[in-house]
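> what would the 3D arrangement of this be:
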Amino acid sequence: MSKNDLDPKPSHQQIKEDEIDVNQLFVLIGNGFSNVFNFVGNLFKSLFRWILLQILFIRNNFRKLMLSAIIVGVLGGIYQYGFKEIKYESSMTVEPNFGSSFQLYKNIDYFLSLIEQKNHEQLAESLNISLDEAKSISWIEAEPYSNDNQSLISYKYFMEDLDSLTNNLIDYKTYAKKQPVESYKYHVVNVVSKDNYIFEKLEEPIINSITKNTYYDKVKSTSYLNLISRKNALLASMAEIDSLRLLYKKVLLAESTKENSGTNIFLSSTENDDKQLLVFDKYMLINQQLIEVNKKLMEEDKVINVISSFNSIGMKINDWYRNFAILGFIAGFLFLYLLLIFKELNHFLIQYEKS
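The predicted structure is shown next:
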């Protein structure tokens, strides 16, 4: 038996069948793409046709729709400018220290619950205001002041406290979406009231409700003592470095006055210059640390810092989405539009039932 007889060779029919299978595969793939494109095309056609039908429906009933919108808008305007109580709003921006943002949100939620329960007596007592002034407050809330820069700074501090293995598990986008409230540096307290002159009276009671907490007072005292201790240590280090710098200057001056020093003067001078540069760099590093300590002493002088106070006179709330004239116009248009749609649908169902 020859070697050629041992090697099986594909027959002509087998090759032809393989070609048919490949052709069928390409046909199936082509049909699949065609079906997808046809489905997307039909979807857009149906959507475009539906939009055109809605436009035609609005055009045919335009007078009715506008009349309804104008009537309800006028009624909303009468309520807005004739009967609705005028409300004012103002905000205060604060910087909580020592984790006091928890207490800030807890207290604000407590005040809001008193407002919603109409417990004006307790609210007046808590905020040290009169009963009428307490009744005039309709809303109070706290929210973090957020922007990209603040989020990046917060993310930086957050990552510094984690180990290298955990750092790879949390990226900035994930952190920004689930950033905890207490990680924000600044927070805004918003108040809405019918009394235009009440806002300045609220600042001190709100701040005092947090600073009177004995825990935060102890933490502040401990932090202050630690910062003072560190400041004294830095000042002592700077004094020692100053003495060392003076010593290097005296040594360099003494060596420069020696006679017949030759090349040795050059080498000694170069070595001393290097030492002086190292000492100077160390001095600047400690000076930068001292600046940071002084900054912390200023920032953490209080449990909560007021960055911007409430305005002495509140701003009148006049947002378009709160204006009943505009809301009435939109509501009147949509109400009649839906009513006519349901009427057409009911007519269609009746005709369909008959047929």
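
> residue contacts, Asn294?
Counting by CB atoms under 8 Å, 6 or more residues apart in numbering, Asn294 touches Lys231. From N, CA and C alone the C-beta is placed, and that goes for glycine too.

> I'd guessed Leu290 sits against Ala236; true?
No. Contact criterion CB atoms under 8 Å: Leu290 and Ala236 do not qualify, at 11.1 Å.

> let me see the ranges of the strands in the stretch 201-350 of the chain.
304-308, 315-316 (DSSP state E, counting those that start in this stretch).

> show me what the shortest one packs onto, helices and strands only.
It refers to strand 315-316. If you count contacts as 3 or more CB pairs under 8 Å, 6 or more residues apart in numbering; DSSP states H and E, strand 315-316 packs onto strand 88-96.

> and if you look at the first one?
Packing partners of strand 304-308 (3+ CB pairs under 8 Å, 6+ apart): strand 88-96, helix 199-211.

> those: which one's closest to Gln122?
The closest of the helices and strands packed on strand 304-308 to Gln122 is helix 199-211. By CB to CB, the value is 12.9 Å.

> the helix or strand containing Ile58 - what's its average pLDDT?
Using DSSP states H and E, Ile58 maps to helix 12-60. Averaging pLDDT along helix 12-60 gives 78.

> list the buried residues of the helix or strand following that helix.
Downstream of helix 12-60, the first helix or strand assigned by DSSP H and E is helix 62-78. Residues 65-66, 68-69, 72-73, 75-77 are the ones in helix 62-78 that count as buried (16 or more other CB atoms under 10 Å).

> contact partners of helix 62-78?
For helix 62-78, contacts defined as CB under 8 Å, 6+ apart pick out 58, 323-333, 335-337, 340.

> again, only this time at 7 Å
58, 324-325, 327-329, 331-333, 335-337 (CB atoms under 7 Å, 6 or more residues apart in numbering).

> tilt between it and helix 12-60?
60 degrees (axes from the mean of the first three to the mean of the last three CA atoms, to 10 degrees).

> rebuild the strands of the stretch 201-350 of the chain as CSV, extending it with mean neighbour count and distance to Asn294.
Shown next, in CSV, are these (neighbours: other CB atoms under 10 Å; distance: least, CB to CB, whole Å):
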stretch, mean neighbour count, distance to Asn294
strand 304-308, 15, 16
strand 315-316, 11, 37
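
> what's near enough to touch Lys316?
86, 88.

> pLDDT (mean, whole number) over the host helix or strand of Val192?
Using DSSP H and E, Val192 falls within strand 187-193. Mean pLDDT, computed over strand 187-193, is 93.

> buried residues in that strand?
So for strand 187-193, counting by 16+ other CB under 10 Å, buried means 187-189, 191-193.

> go on, stretch 334-343?
Those would be 336-337, 340, for stretch 334-343 by 16+ other CB under 10 Å.

> please apply the same query to stretch 129-149.
Buried, per 16+ other CB under 10 Å, within stretch 129-149: 129, 133-137, 140, 142, 144, 146.

> residues in contact with that stretch?
Contacts of stretch 129-149 (CB under 7 Å, 6+ apart): 87, 93, 104-105, 108, 111-112, 115, 120-121, 123-124, 127, 181, 184, 186-195, 198, 201.

> returning to that earlier point: for the strand holding Val192, name the packing helices and strands.
In terms of contacts (3 or more CB pairs under 7 Å, 6 or more residues apart in numbering; DSSP states H and E), strand 187-193 is packed against strand 88-96, helix 101-116, strand 137-144, helix 199-211.

> partner strands of it and their direction?
Partners of strand 187-193 in the sheet, by DSSP bridges, are strand 88-96 (antiparallel), strand 137-144 (antiparallel).

> make TSV from those strands and add mean pLDDT and distance to Leu47 to it.
Listed next are the strands paired with strand 187-193 as TSV, based on pLDDT from 0 to 100; distance: least, CB to CB, whole Å:
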stretch	mean pLDDT	distance to Leu47
strand 88-96	92	42
strand 137-144	92	39
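
> for Arg230, which of the ones you listed is the nearest?
Using CB to CB, the strands paired with strand 187-193 put strand 88-96 closest to Arg230, at 21.4 Å.
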